[in-house]
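Enquirer: Model the following, please.
(chains A and B)
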Amino acid sequence: MNPPASSPATVVSLRGIATRFGRNVVHEELDLDVARGEIVALVGGSGSGKTTLLRHIIGLTRPAAGTVQLFGELLQAGDRSARLARQRRFGVLFQQGALFSAFTVGENIAFPMRELGIMSAAEIDDLVALKLAMVEMEPEHSVLMPAELSGGMVKRAALARALALEPELLLLDEPTAGLDPERSASFVRLIRALHGDLGLTVVLITHDLDTLAAMASKVAVLADRRILSYAPLEETLRVDHPFIERFFRGAQGQRALARATGAN
Amino acid sequence: MSPGGQAEARQGGSLVLTPASARLSGDWTLRALGPQLPGLRRQLRMASADAAWSLEAVERLDSFGATLLWQAWGRRWPTQLSLRPAHRQTLERVARSAERPLPQLSAFTPIDAVVALGGALIAFLAHVRDFVALLGQIFLDLLHVLRHPRDWPWLEISANVHKVGVKAMPVTALVGFLIGVVLSYLSSLQLKVFGADVFIVNILGLGIIRELGPVLVSVLVAGRSGSAMTAQLGVMRVTEEIDALAAMGVSCSLRLVLPKVIALGLVMPLLVLWTSTIALLGGWVSAWVELDLSLRYFVDALPDAVPVANVYIGLSKGAVFGVLIALVACHFGLRVKPNTESLSANTTASVVTAITAVILVDALFAIATKSIGIPG
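Expert: Take a look at the predicted model:
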């Protein structure tokens, strides 16, 4: 399988990625293309390097070999301002939210907008209110400190911050981990609604089959150091591999899939 | 708003104004508008909300573009407006959230000043209360381990002795030596003028052993170990390690606070002894260079010039200061709340309070011991 060079319709393109931690080889010859508008769920066992792959895409770490392209351009291409402009085209939701604990929720969401340096204070205020409304939070929440928020609220506030600069690509690391099923379902609904409204491309890491079944348009299975399968859920289920067997066809997996097919 | 293959070459938004109409076209998105924003803002200010607004030629509209327009319209819908349904949705969303603005912080009033003053007073009283509670807890822990010798946290004490004592030796020696050199050099310059060279031993001996040694070590240890203790306890609080200890029925004060207090109380007199010795050595080096004073004379004259009571005073100061620094550090460490701001504020407060407290207690020592060990 050797896909053609990425077109602008390909938002994320990974080619021949290799990652090593000392002697431990995590990825080898890994390829992945994410087309515009997809919601891609990245699944894999613990320690299979899902978060590392996401960090490669963000540019926090560099793979030992291979190239990362975002929006059809190499991640390191261009001068400082070009790289900065490219970084502003995606938003990241970190696993623990990573809200700045010294700022209020409102200041957290306003921070990327202030950094951009072209918005007026009035526009920032309106946009913060809008982003809060988008993630179904109240304007009053903007004056709270992150320490005063519950787990679900932290994720929502962090999502609002990730959405601050109108990203085209949203990267989510375990968006529903640590949320109870009801909150997790409502968070999934929220992301799906935003995906529909804003035409986002979403790449998410998840362990939660309910989340995966409810929102992913494609599933990328990371096993044996590469992307084992990259297809819609129904096709993924037909792949014969021990990891897929364990992950999707266990009792819990069957229940989640039954729920998902019943709901659709 | 179509996610599919739009041409990458983006047409930035543009605006054609006539007195009665405003026609928008191109992309009204944050990224496309960025470069021409100042010009567009000027144009938008000139446009009137009563004009006929046509947005039909707009390719994309994101929430930033919509906010820009909404503010240009004075936060109400223009009387005549034509646009695509998807863009109307975006604008409606902006309009809805703009109806409920963010709560604004009110301006600072005299009442706030009084409230802040009262708050500071209450916070101070809370500190005093918590500190007394910590002291009481340590006392109870001590009674407990005296009755149950098996519960002595020997391992923790010895680890702390190594961490705050042994590892602090190089830095205290270096600082002590340099201070000794400087003090001796400045004093000997003065003494030479009066021909009172031999009194350098009295000045250095009394000054360093009684006063400078303990205070110098305290300042260094408060900065080095006090801050580390506060940060360690603070992070353990943030990561719920202290709660985990409590859940296992292990007393946090017995395992974390008591060993630090005991270790610093044991180690500080030794550090004082060590640092004072090195400082005296540094003083002698300077006196030897400046005044040609031999080491043998220096060592011989020291016991005559400095009564031995001063050594005891210096050592007991060290023990008291050590206990004080550890208590203050633990007190602030246990108050850290789970955010970075609180961690930095408490670490700062810990060091500042410890040094201030040490100097205050040093003044008390000076008054209490004013008739002891001063050569007549």
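Enquirer: near chain A, which residues of chain B?
Expert: B:1-5, B:8, B:29-31, B:34, B:37, B:62-64, B:67-68, B:70-71, B:89-90, B:93-94, B:96-98, B:100-103, B:105, B:337-341 (Cβ under 8 Å from any Cβ of the partner chain). Bear in mind the C-beta positions are built from the backbone N, C-alpha and C, glycine included.
Enquirer: Make a PyMOL selection of the buried ones in those.
Expert: Buried subset of those, written as a PyMOL selection, criterion 16 or more other Cβ atoms under 10 Å in any protein chain shown:
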select buried, chain B and resi 1+3+29+30+31+37+62+63+64+67+68+70+71+90+93+94+97+98+102+339
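Enquirer: Mind checking which of the residues of chain B next to chain A land in helices?
Expert: B:30-31, B:37, B:63-64, B:67-68, B:70-71, B:89-90, B:93-94, B:96-98, B:340-341 (DSSP state H).
Enquirer: three-state assignment of A:Ala185?
Expert: Here A:Ala185 is helix, with the state taken from DSSP: H, G, I helix; E, B strand; the rest coil.
Enquirer: repeat for the one 10 residues further on
Expert: The three-state label for A:His195, taken from three-state DSSP, comes out as helix.
Enquirer: right, and it touches A:Val203 too?
Expert: No: with contacts defined as Cβ atoms under 8 Å, A:His195 does not count as touching A:Val203, sitting 11.7 Å away.
Enquirer: Those two: who's more crowded?
Expert: Counted by other Cβ atoms under 10 Å in any protein chain shown, A:His195 and A:Val203 do not tie: A:Val203 has more neighbours, with 25 against 19.
Enquirer: so what's the backbone phi/psi at the more buried one?
Expert: Main-chain torsions, A:Val203, degrees, to the nearest 10: phi -120, psi 120.
Enquirer: next one: A:Arg20
Expert: phi -130, psi 140.
Enquirer: From chain B, how far out is it?
Expert: Per Cβ to the nearest Cβ, to the nearest Å, A:Arg20 is found 29 Å from chain B.
Enquirer: Quick one: neighbours of that residue, just the number.
Expert: 13.
Enquirer: got a list of what residue 220 touches?
Expert: Using chain A here. A:Leu32, A:Val40, A:Ala41, A:Leu42, A:Val43, A:Ile227, A:Ser229, A:Tyr230 (Cβ atoms under 8 Å, 6 or more residues apart in numbering or on different chains).
Enquirer: switch to chain B, that's the one I care about
Expert: Taking Cβ under 8 Å, 6+ apart, one finds B:Ala168, B:Val171, B:Thr172, B:Val175 in contact with B:Leu220.
Enquirer: Could you dump the contacts of A:Ala220 into JSON lines and include pLDDT and distance to chain B?
Expert: Listed next are these as JSON lines, based on pLDDT from 0 to 100; distance: Cβ to the nearest Cβ, whole Å:
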{"residue": "A:Leu32", "pLDDT": "88", "distance to chain B": "19"}
{"residue": "A:Val40", "pLDDT": "91", "distance to chain B": "14"}
{"residue": "A:Ala41", "pLDDT": "90", "distance to chain B": "18"}
{"residue": "A:Leu42", "pLDDT": "90", "distance to chain B": "20"}
{"residue": "A:Val43", "pLDDT": "88", "distance to chain B": "23"}
{"residue": "A:Ile227", "pLDDT": "86", "distance to chain B": "23"}
{"residue": "A:Ser229", "pLDDT": "85", "distance to chain B": "24"}
{"residue": "A:Tyr230", "pLDDT": "88", "distance to chain B": "19"}
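Enquirer: Just the ones of those residues in strands?
Expert: A:Leu32, A:Val40, A:Ala41, A:Leu42, A:Val43, A:Ile227, A:Ser229, A:Tyr230 (DSSP state E).
Enquirer: Now the residue of chain A most remote from its centre. Nearest residue, chain neighbours left out?
Expert: Note on chain A: the largest C-alpha distance from the chain mean falls to A:Ala122, namely 29.9 Å (Cα atoms, centre = their mean). With sequence-adjacent residues excluded and distances taken as Cβ to Cβ, 6 or more residues apart in numbering or on different chains, A:Ala122 is closest to B:Gln71, at 6.2 Å.
Enquirer: Touching, that neighbour and A:Asp126? I think so.
Expert: Yes: counting by Cβ under 8 Å, A:Asp126 is a contact partner of B:Gln71 at 6.9 Å.
Enquirer: residues shared between the contacts of the two?
Expert: By Cβ under 8 Å, 6+ apart, B:Gln71 and A:Asp126 have no common neighbours.
Enquirer: can you pick the most crowded of the contacts of B:Leu220?
Expert: Neighbour max across these (other Cβ under 10 Å) = B:Thr172, 23 neighbours.
Enquirer: Who are the contact partners of that residue?
Expert: B:Leu216, B:Val217, B:Leu220, B:Val221, B:Leu271, B:Trp274, B:Thr275, B:Ile278.
Enquirer: 6 Å instead, please
Expert: B:Val217, B:Leu220, B:Leu271, B:Thr275 (Cβ atoms under 6 Å, 6 or more residues apart in numbering or on different chains).
Enquirer: and of these, the nearest to chain A?
Expert: Checking the contacts of B:Thr172 against chain A by Cβ to the nearest Cβ gives B:Leu220 as the nearest, at 29.5 Å.
Enquirer: Just say helix, strand or coil for the closest one.
Expert: helix.
Enquirer: those helices in the stretch 51-200 of chain B, which residues are they?
Expert: B:63-72, B:85-99, B:110-147, B:154-160, B:169-194, B:200-206 (DSSP state H, counting those that start in this stretch).
Enquirer: Same check on the stretch 251-376 of chain B?
Expert: B:252, B:258-291, B:295-305, B:309-333, B:340-368.
Enquirer: so can I have CSV of the ones you listed showing mean pLDDT?
Expert: Below are those laid out as CSV (pLDDT from 0 to 100):
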stretch, mean pLDDT
helix B:252, 85
helix B:258-291, 94
helix B:295-305, 90
helix B:309-333, 95
helix B:340-368, 93
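Enquirer: Local confidence estimate at the residue in the stretch 201-350 of chain B that chain A sits nearest to?
Expert: Nearest residue of the stretch 201-350 of chain B to chain A (Cβ to the nearest Cβ) works out as B:Asn339 at 3.4 Å. pLDDT for B:Asn339: 77.
Enquirer: Name the nearest residue to it, ignoring sequence neighbours.
Expert: A:Ser101 (3.4 Å).
Enquirer: Return the residues of the stretch 51-200 of chain A in contact with chain B.
Expert: A:101-102, A:106, A:118, A:123, A:125-127, A:129-130, A:133, A:139-140, A:142-143, A:147, A:166, A:199 (Cβ under 6 Å from any Cβ of the partner chain).
Enquirer: Many thanks, we can stop here.
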